[in-house]
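# Next input, structure requested:
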Amino acid sequence: EFLSTSSHLLELPVKPSVRAATLRLLAGLPTTKVRGSITDPLGRTGIEVTFTKSEGFTDEFGTDDVVAQRYTTILDPRIGTVLAVDVAIAVESTEGLAKGTFMDYQAWAPEAGWTSERPERPRGCRLSDRPLP
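Numbers count the residues shown, from 1 in each chain. Modelled structure (predicted):
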């Protein structure tokens, strides 16, 4: 029941071997559904995958409309990294909103990762002796 939440490992800067193992685990679960190719809200081509129940949700649109939506994750088809998570897609049309429109999402940058380098202090930024509140 809780194995599908391991999809959150894909949102971390993990080694490719960990990502591959996570994808193999998730692929074997009955809750995982691959819907096919999709273009994410930033125009990147990916694979639409759901790891848990993603249908049956609604959200308000406009002043008096409630729109059915589904949630999905969009993965890079080449390396399995996350392109976007918590992607809410309208599954019906209403005035001013077409079916298939992205209603909400969190996009991920491919350059996220761990580093041991110390960041540079911005120009004009000084250390203060004042204690934090």
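# any idea which residue sits dead centre in this structure?
Central residue of the chain (C-alpha atoms, centre = their mean): V85, 1.2 Å from the mean position.
# tell me what the least confident helix or strand in the chain by mean pLDDT is packed against?
With mean pLDDT, DSSP states H and E as the measure, the helix or strand of the chain carrying the lowest mean pLDDT is strand 57-61 (a mean of 80). Contact here means 3 or more C-beta pairs under 8 Å, 6 or more residues apart in numbering; DSSP states H and E; on that basis strand 57-61 packs against strand 65-75, strand 82-90, strand 102-107. From N, CA and C alone the C-beta is placed, and that goes for glycine too.
# In PDB, could you pull the C-alpha coordinates for the last one?
Listed in PDB are the C-alpha atoms of strand 102-107, where the atom choice follows Å, rounded to 0.1, in the frame of the first residue of the first chain:
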ATOM      1  CA  PHE A 102      -2.800  22.000 -17.100                       C
ATOM      2  CA  MET A 103      -4.500  23.500 -14.000                       C
ATOM      3  CA  ASP A 104      -1.600  23.200 -11.600                       C
ATOM      4  CA  TYR A 105       1.900  21.700 -11.600                       C
ATOM      5  CA  GLN A 106       5.400  21.800 -10.100                       C
ATOM      6  CA  ALA A 107       8.100  21.800 -12.700                       C
END
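# how big is the angle separating it from strand 82-90?
Taking axes from the mean of the first three to the mean of the last three C-alpha atoms, to 10 degrees, one finds that strand 102-107 is oriented at 170 degrees with respect to strand 82-90.
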